[in-house]
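>>> need a 3D model of the following:
(one chain, ligands or ions: 1)
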Amino acid sequence: MGFADSYIHAIGASNLKDDERHHQAEPLMASAFAAADLTGDLGPLLHRVKFFDSLARNEFEGNPGNLVQLLRLWIAEVTKRGRARRWVPENTAWDAEAALKLYRQVAEHSLAYWLDGKCEPCGGTGVEQTRACKCCSGTGKAELTMAAGFVREHTLNMVSELHSIADGHAARASSKLRR
Ligand SMILES: [Zn+2]
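Model (predicted):
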């Protein structure tokens with residue numbers, strides 16, 4: 001069976017389970033990884049991990065390996081962006097090591113927050129008992145507590161860049177649906 005065949009099979013699959021017994025969704029995932037490798041567009045992968053893997057109700061649904069892979073790609077992307085914007089100097093070996101640690105931290109925090117940054121008391125609705133939620137002042141967003149100072153600032157920027165990568169992909173994908 002060629003890739004196109006398995007992809008078509010995956011699209012028509014009755015479920016998207018992706019484990020030892022159900023490999024129907026695998027071609028969709030492989031396609032998303034290939035797109036990310038080739039074009040650097042993480043959009044398809046972000047959707048898959050956020051809206052399928054993290055919503056899986058049972059352990060055997062979804063694939064935690066996808067998140068690991070996504071994080072690896074996102075660390076590489078944050079490293080690229082951080083270097084281009086000269087977040088920190090990388091002149092000495094010590095600097096370079098500290099810089100890598102920073103890129104990794106920012107990538108981990110921003111991806112975690114993007115995947116699940118909802119305010120807990122109101123469940124992200126911003127409303128609690130018909131009033132604006134006190135905890136988040138109606139924004140629906142949780143406080144970013146895992147990072148402070150410099151790291152927090154870069155993390156917030158990368159969270160908004162994750163949103164724009166995902167939104168860009170969603171817009172391109174939905175324009176194809178209308179045709
Ligand atoms: Zn709230």
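
>>> OK, contacts around R81?
158, 161 (C-beta atoms under 8 Å, 6 or more residues apart in numbering). Using the backbone N, CA and C atoms, a C-beta is placed for each residue, glycine as well.

>>> how much space separates it from L73?
13 Å (C-beta to C-beta, to the nearest Å).

>>> next: E97.
E97 is 21 Å from L73, by C-beta to C-beta.

>>> can you check H154 too?
18 Å.

>>> compare the two (neighbour count), which wins?
For H154 versus L73, the count of surrounding residues by other C-beta atoms under 10 Å is larger for H154: 24 against 18.

>>> what's the average pLDDT for the lengthiest helix in the chain?
Longest helix in the chain by number of residues (criterion: DSSP state H): helix 149-178. If you average the pLDDT over helix 149-178, you get 91.

>>> go through it and flag the buried ones.
For helix 149-178, a neighbour-count test (16 or more other C-beta atoms under 10 Å) marks 151, 154-159, 162, 165-166, 169 as buried.

>>> again with stretch 131-140
Quick answer for stretch 131-140 (16+ other C-beta under 10 Å): 133, 135-136, 138, 140.

>>> one more: stretch 86-103?
In stretch 86-103, counting by 16+ other C-beta under 10 Å, buried: 87-88, 90, 99, 102-103.

>>> still on that earlier bit, I'd like the buried residues of helix 149-178 laid out as JSON lines, including distance to W114.
Below are the buried residues of helix 149-178 laid out as JSON lines (distance: C-beta to C-beta, whole Å):
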{"residue": "V151", "distance to W114": "15"}
{"residue": "H154", "distance to W114": "14"}
{"residue": "T155", "distance to W114": "10"}
{"residue": "L156", "distance to W114": "11"}
{"residue": "N157", "distance to W114": "12"}
{"residue": "M158", "distance to W114": "8"}
{"residue": "V159", "distance to W114": "5"}
{"residue": "L162", "distance to W114": "4"}
{"residue": "I165", "distance to W114": "10"}
{"residue": "A166", "distance to W114": "8"}
{"residue": "H169", "distance to W114": "13"}
